[in-house]
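Participant: Provide a 3D model corresponding to the input given below.
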Amino acid sequence: MQDTSDEKQKFLDDATRLARAIRVNQTYAPVAPLINFWGAFAPSNESGIGIGGKPKDTIYGLYRDGTELRGVYTSKPEVASAACKSMGNQCNYPLLLGNDPLYGGISTASVLNGPLVLRHELGHSIIWVGDEYDGSMYFGVNADNYTKHDESVGWDHWLSDTNKPPRIERNSVPLLTYPWEMLNKSTPWSTNFTTDGTFDWALLRVSLSGIPDRSHLEISLDGTIATWKTNPDIGIDRWFYDIPIGTLEDGTHELKLALQEHGKEGLAQLCSVEVIEYGDTTEFNATTGYVGVFPTYSSLEYEDPGPAPDRPTLHNAHSSTHKKWTTTSYRPTNENCLMRQVAEPNFCVVCTEGLWLRLLSRVSLIDKFSFYDSTVEDADTRTELSPVALAQYRSPQQAEYLVRKGTNEAYLVKWFSHGREVEKWQNATRVDVDCRSVGKLIEVEVQFVSSEIRKDAKGYTTDWYGLLLDC
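Facilitator: Presented below is the predicted three-dimensional model:
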């Protein structure tokens, strides 16, 4: 955090609000029993975060590169690392919360954007995946170098069409730029781009800050004014807008953004601009929830990072099928994942499965064992296992959320004696043991089954324990 000593309660309120926003009836609600959020307050001499690459006198020295509402960085990574280590097992994925009301990642206290950025950044850290939007880096379960029509893809088990090899959905990105430019009333921002006229329809995607109302900004393409509207709750914070622009003919096009009379010079900023073209319905499936092979384009060269979290380095490109871009990668869905669209409330099914498996690789499904004197005749002891509160052990609120989401879960429990299953104990969490008939050594296997997990190659959804009973 980047608060002064008299802002402790604000920090606690902001941190609590952000945690609740992403784990109660929202993105991380399904895995909520596997994660805890801890807040640690450390006062700073100044409040807020720096701009223009200059940090303020704060505990973690958070700052923005310029005035743009994008990344928030720490100038004191060693302090942040030491703070995390001091909390031991209570800090697996550190988040530095900046005391700033506007958009920014790592994370800020922005009421609207704070939760959106937080859940996206946690996706990078926990699932260990790259972005899905164009112009970034791609790795992990949501990225594949699929280039031919007869290859398998990393999410084969999630494909919507399973009776044939997946096709590459046909689209193009003729324009992608991050101007980070302050808009003024005297000179409109403009750029030209070229298309070949072979696509069915196109979309203009822009992100803006300092534009609370559409009357502040006129957007035109080839002289035709676009119809669009702002998010009514955004104020001067950053937001992303998708504007349909019809079919683009072969040739050069001019895009122009002009700040109007009511616009706010010194605040209004053009953050990013992208034009995406799409094939017709026989070439591109834009159906919500459809899982296939969707191209993602970037000018960056990089090598995939290892399985352990550390930052990818720019080095080698993936093989490209698009002449304009150095890297062509592939993602599972069109616009159905918050790793592509930060305003989306959920991960795609592939990232969701990855989230489960990464967390289950670190957490036991069995919370504890308890032992009691048995009240059953001829039994020596009662053994009870307490599973993590998933499946039938969820709270009513969480269970209701999963019903609305359409997620099915169950625990499967098997008990063994001398290597053979004791069938009468199947799916029981409490058993009365007669040591003379089953012995002192019993074993239990607990498996978590979820419709959000279709493939578990490493067995993270199953835990096994052997118990030597004192009887």
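Participant: strands of the stretch 1-150 of the chain, start to end?
Facilitator: Secondary structure of the stretch 1-150 of the chain (DSSP state E, counting those that start in this stretch): strands at 62-63, 73-74, 97-98, 107-108.
Participant: of all the ones you listed, which one is nearest Thr288?
Facilitator: Of all the strands of the stretch 1-150 of the chain, strand 107-108 sits nearest to Thr288, with 27.9 Å by C-beta to C-beta. In short, each C-beta sits where N, CA and C put it, glycine included.
Participant: identify the bridge partners of Leu176.
Facilitator: Glu274 (DSSP bridges).
Participant: residues in contact with it?
Facilitator: Contacts for Leu176 (C-beta atoms under 8 Å, 6 or more residues apart in numbering) come out as Asp134, Gly135, Val273, Glu274, Val275, Tyr297.
Participant: can you list these in JSON lines and add neighbour count?
Facilitator: Converted to JSON lines, those look like this (neighbours: other C-beta atoms under 10 Å):
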{"residue": "Asp134", "neighbour count": "21"}
{"residue": "Gly135", "neighbour count": "18"}
{"residue": "Val273", "neighbour count": "22"}
{"residue": "Glu274", "neighbour count": "21"}
{"residue": "Val275", "neighbour count": "24"}
{"residue": "Tyr297", "neighbour count": "24"}
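Participant: return the member of the residues you listed nearest to Tyr60.
Facilitator: Proximity of the contacts of Leu176 to Tyr60 (C-beta to C-beta) peaks at Gly135, which lies at 27.7 Å.
Participant: in this structure that closest one contacts Tyr297, no?
Facilitator: Yes: at 7.4 Å, Gly135 and Tyr297 qualify as touching, with contact defined as C-beta atoms under 8 Å.
Participant: what strand or helix carries the closest residue to Ile126 other than its chain neighbours?
Facilitator: Among residues not flanking Ile126 along the chain, Arg358 sits closest, at 5.6 Å (C-beta to C-beta, 6 or more residues apart in numbering). Using DSSP states H and E, Arg358 sits within helix 349-360.
Participant: residues in contact with Gly50?
Facilitator: Lys56, Thr58, Gly61, Leu62, Tyr63, Arg64.
Participant: likewise for Thr74?
Facilitator: Contacts of Thr74 (C-beta under 8 Å, 6+ apart): Tyr60, Gly61, Leu62, Ala80, Leu96, Ile106.
Participant: show me the two of the residues you listed that sit farthest apart.
Facilitator: Gly61 and Ile106 (12.4 Å).
Participant: what about burial for the contacts of Gly50, which qualify?
Facilitator: Listed as buried from the contacts of Gly50 are Lys56, Thr58, Gly61, Leu62, Tyr63, Arg64; burial here means 16 or more other C-beta atoms under 10 Å.
Participant: next structured bit after the worst-scoring helix or strand of the chain on mean pLDDT?
Facilitator: Within the chain, no helix or strand scores below helix 435-438, which has a mean of 86 by mean pLDDT, DSSP states H and E. Moving toward the C-terminus from helix 435-438, the next helix or strand (DSSP H and E) is strand 441-450.
Participant: and that next one, which strands flank it?
Facilitator: Counting by DSSP bridges, strand 441-450 is paired with strand 409-417 (antiparallel), strand 462-468 (antiparallel).
Participant: quick one: closest of those to Pro101.
Facilitator: strand 409-417 (38.2 Å).
Participant: what does the pLDDT read for His318?
Facilitator: Note on His318: pLDDT of 49.
Participant: then Leu385?
Facilitator: 97.
Participant: mind giving me the packing neighbours of whichever strand or helix holds it?
Facilitator: Element membership of Leu385 [criterion: DSSP H and E] is strand 381-387. Strand 381-387 sits against strand 366-373, strand 430-433, strand 441-450, with contacts defined as 3 or more C-beta pairs under 8 Å, 6 or more residues apart in numbering; DSSP states H and E.
Participant: out of the contacts of Gly50, the closest to His124 would be?
Facilitator: Leu62 (17.8 Å).
Participant: just give the nearest non-adjacent residue to that closest one, would you?
Facilitator: Ile49 (4.2 Å).
Participant: what's around that neighbour, how many residues?
Facilitator: When neighbours are defined as other C-beta atoms under 10 Å, Ile49 has 24 of them.
Participant: going forward can the numbers begin at 30, since that is how I track them
Facilitator: Got it, first residue is 30 now, which makes that one Ile78.
Participant: picking that back up, between the contacts of Gly79, which sits nearest Glu472?
Facilitator: Once C-beta to C-beta is applied, the member of these that ends up nearest Glu472 is Leu91, at 50.4 Å.
Participant: for the least confident helix or strand of the chain, output the C-alpha coordinates as CSV.
Facilitator: Taking Å, rounded to 0.1, in the frame of the first residue of the first chain, the C-alpha atoms of helix 464-467 are listed here in CSV:
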residue,chain,number,x,y,z
CYS,A,464,-9.2,-53.0,13.9
ARG,A,465,-9.5,-56.8,14.2
SER,A,466,-11.3,-57.1,10.9
VAL,A,467,-9.7,-54.3,8.8
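Participant: alright, I will stop here.
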